[in-house]
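Asker: structure, please.
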Amino acid sequence: VRLEKCWFCSSTCYPGHGITFVRNDATIFRFCRSKCHKNFKMKRNPRKVKWTKAYRKLAGKELAEDATFEMERRRNRPEKYDRELVHKTVKAIQKVEEVRGARQDRFYERRMAKSKGQQKAADRRQLEQEIHLVKAPGA
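Answerer: Numbering: from 1, shown residues only. Predicted coordinates:
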């Protein structure tokens, strides 16, 4: 089963789903849903549309460099199927997904730790500026 990547949002296109657009120069564009296809037809740049993977990586919201992305590389060589090999491969893919999830969680925590300190400082500044609203006038 070949799982393609959506040209616009980089999500997975499962067999029998989505839209395939072939341009006159024989370039193939696969889209996971009509939303991506419409945005492509509107000539939108995926790096500027906030819900795409390209935007999230560019804005530093998602891991850009990770060894687990090597599993997603396209391989066009046909493989002879061996049931045992397929079983091991599926287990390896599940393990890679777990590792990737854990790394993304750590990445998120590190990113949010910075903003937590900034938020606390902003809250403190606001409290100092508006202390007269909190304190009783006679105190």
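
Asker: so who does the most centrally placed residue in the chain touch?
Answerer: Closest residue to the average C-alpha location of the chain: Lys53 at 4.2 Å, with C-alpha atoms, centre = their mean. Contacts for Lys53 (C-beta atoms under 8 Å, 6 or more residues apart in numbering) come out as Cys9, Ser10, Ser11, Pro46, Glu62. No exception for glycine: its C-beta is placed from N, CA and C like everyone else's.

Asker: do Arg47 as well
Answerer: Counting by C-beta under 8 Å, 6+ apart, Arg47 touches Ala54, Tyr55, Leu58.

Asker: quick check: the first one touching Pro46?
Answerer: Yes. Look at Ala54 against Pro46 with C-beta atoms under 8 Å: they come within range, at 4.3 Å.

Asker: shared neighbours of the two, which are they?
Answerer: Contacts common to Ala54 and Pro46, judged by C-beta under 8 Å, 6+ apart, are Cys9, Ser10.

Asker: show me which of these two is the more surrounded one.
Answerer: Pro46 (19 against 16; other C-beta atoms under 10 Å).
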